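**Q** Sequence first, predicted coordinates after that:
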Amino acid sequence: MEGGAAASTPAALPYYVAFSQLLGLTLVAMTGAWLGLYRGGIAWESDLQFNAHPLCMVIGLVFLQGDALLVYRVFRNEAKRTTKVLHGLLHIFALVIALVGLVAVFDYHRKKGYADLYSLHSWCGILVFVLYFVQWLVGFSFFLFPGAPFSLRSRYRPQHIFFGATIFLLSVGTALLGLKEALLFNLGPGTEAEPGHPLWRLHITVAV
């Protein structure tokens, strides 16, 4: 820490951090394997463009956002400005990758003539992305952009921490909703978008 004694690091913290990284990388790898083995892979200029959406969202709003939240715990003895910049950069990478995932799904829907925002997952996803963007914008204005009064930063810091953790949990929940939605529309061979199937009728009803 700048201007004070170094904060003590809990003995078990490195193990928790290592476990969180292993868990996050496993999640990204499993998502990529699922898309490659069971969803045909990823290709932007084809019907596989949609598959970029779940992978980008898992990498951006789950893995990288989670890492950004850990920065102040892991590097608690580093210079405050260094940790602040790293925290901001991880959030920028997460935001850009998530934006690519959003473009992928909206562009895919446009090419196919599908309606947008027709499910609970899509509504929650847009809400989470807007909240994440606003949180990043306000955080940048208060903590990275020079000129913000110290008293204002001090008052806003608890809210910034609370909303950061809340948005992360909402991101994880929304990702799980998306996986559930994918399973509902693809229960197995012969059920996906097949006329007469109840889920096919539901899909047509909510998409029109």
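**A** Ah, there it is.
**Q** need the contact list for the nearest residue to Leu61 once chain neighbours are set aside.
**A** Residue nearest to Leu61 in three dimensions, not counting chain neighbours: Ser171, with 4.1 Å by Cβ to Cβ, 6 or more residues apart in numbering. All C-beta atoms are positioned from the backbone trio N, CA, C, and that covers glycine. By Cβ atoms under 8 Å, 6 or more residues apart in numbering, the contact set of Ser171 is Met57, Leu61, Val62, Gln65, Val128, Tyr132.
**Q** Could you say which helix or strand holds Trp34?
**A** Assigned by DSSP states H and E, Trp34 falls within helix 13-38.
**Q** Which SSE is immediately downstream of that helix?
**A** Helix 13-38 is succeeded, C-terminally, by helix 52-57 (DSSP H and E).
**Q** Please state the offset of that following helix from the chain centre?
**A** Relative to the chain's own centre, helix 52-57 is displaced by 9 Å; criterion: Cα atoms, centre = their mean, to the nearest Å.
**Q** Which neighbouring elements make contact with it?
**A** Packed against helix 52-57, as judged by 3 or more Cβ pairs under 8 Å, 6 or more residues apart in numbering; DSSP states H and E, are the following elements: helix 13-38, helix 80-112, helix 150-184.
**Q** Tell me which helix or strand comes right after that helix.
**A** Using DSSP H and E, the helix or strand that follows helix 52-57 in sequence is helix 65-74.
**Q** which parts of that next one are buried?
**A** Buried residues in helix 65-74, counting neighbours by 16 or more other Cβ atoms under 10 Å, are found at Gln65, Gly66, Asp67, Ala68, Leu69, Leu70, Val71, Tyr72, Val74.
**Q** For Leu70, see how far away the residue nearest to the fourth one when sequence neighbours are not counted is.
**A** It stands for Ala68. Sequence neighbours aside, Leu90 is the residue nearest to Ala68 in space, at 3.7 Å (criterion: Cβ to Cβ, 6+ apart). Separation of Leu90 from Leu70 (Cβ to Cβ, to the nearest Å) stands at 9 Å.
**Q** Low-confidence ranges, this structure, go.
**A** Within the chain, the segments meeting pLDDT under 70 span 1-9, 186-208.
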